[in-house]
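A.B. asks: could you work out the structure for the sequence below:
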Amino acid sequence: MFDGKFRVHVDKYVRPVGVTLTRTKITPDHLTAVGLAIAVGAAVAIGAGYLRLGLLLVIAAALPDMLDGALAKASNVSSQRGAFFDSTVDRITDSLMLGGVAWYLGDTRGGTAAVLPFAVMAVSQLISYQRAKAESLGIQAKGGLMERAERIVVLCIGLLFDSGLYWVMWAMLVLVSVTAVQRFVKIWRLAAVSPLTAERLESRRSRRASRRSAVASRRDRLTSRRRDG
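C.D. replies: Presented below is the predicted three-dimensional model:
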């Protein structure tokens, strides 16, 4: 939701920073790695009960995540590998932070409460998978009540209140569950009426069959030459 409505406004302020960073030897992957390192610190701080420090580190970890894309665009080095690395690190970062919350709740409220952040994590990963799978089928599946940006904002709110973090996790679980259902319904409907999806799938199958046929043909020719030799 935030990503769709505020992305243009955020990019307007982040783009100049990306241009400035092109004058350094920093790469987008460096920024992504820095964000991951900060997220590790945030998870440890939250788990140890230093929620305010954890809050600051969660915010700090989000900054490189915003800037790596701006730097990639400004330096014209956007790549599939970079996008894959960034997306993978996002999933790891989310898991680390929620793991820190689970550690904290387990210490302060008992082991049962620690299950709650893991439930949020599981549904959040499902949301990410839904989008990835839909896009692999040629379907755009962005949107929903609580995407990654919203989850980080809600987590930051929860870290402001020691006793309220548990209830914020419950609220987050409800919201991410609603989002997962929203995405499922959206993709289900689009997949049913999208001829482009079927066309792309058929094209992929055809290309794969052609490649297999070409490989088999080359193998047969090589075998024939060896016999003749």
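A.B. asks: going by C-alpha atoms from here, please, whenever you check contacts or count neighbours.
C.D. replies: Will do.
A.B. asks: from the contact counts, what lies against whichever strand or helix holds D29?
C.D. replies: Per DSSP states H and E, D29 falls inside helix 28-47. With contacts defined as 3 or more Cα pairs under 8 Å, 6 or more residues apart in numbering; DSSP states H and E, the packing partners of helix 28-47 are helix 51-74, helix 80-109.
A.B. asks: show me what counts as buried in it.
C.D. replies: Neighbour counts over helix 28-47 (16 or more other Cα atoms under 10 Å) mark 28-29, 31-36, 38-47 as buried.
A.B. asks: before we move on, the earlier item: what's the least confident stretch among the helices and strands packed on helix 28-47?
C.D. replies: Mean pLDDT is lowest for helix 51-74 among these, at a mean of 89.
A.B. asks: among the helices and strands of the protein, which one scores worst on average pLDDT?
C.D. replies: Lowest mean confidence among the helices and strands of the chain (mean pLDDT, DSSP states H and E): helix 195-228, at a mean of 67.
A.B. asks: show the pLDDT at H9.
C.D. replies: 68.
A.B. asks: just the one 5 residues further on next, same as before
C.D. replies: If you check V14, the pLDDT there is 78.
A.B. asks: swap in V17?
C.D. replies: In this model, V17 is scored at 80, pLDDT.
A.B. asks: try T22
C.D. replies: With respect to pLDDT, T22 scores 82.
A.B. asks: which one is it nearest to, not counting chain neighbours?
C.D. replies: The spatially closest residue to T22, leaving aside those adjacent along the chain, is S75, at 5.9 Å (Cα to Cα, 6 or more residues apart in numbering).
A.B. asks: now G111
C.D. replies: Nearest one to G111, counting by Cα to Cα, 6+ apart, is L105 at 7.6 Å.
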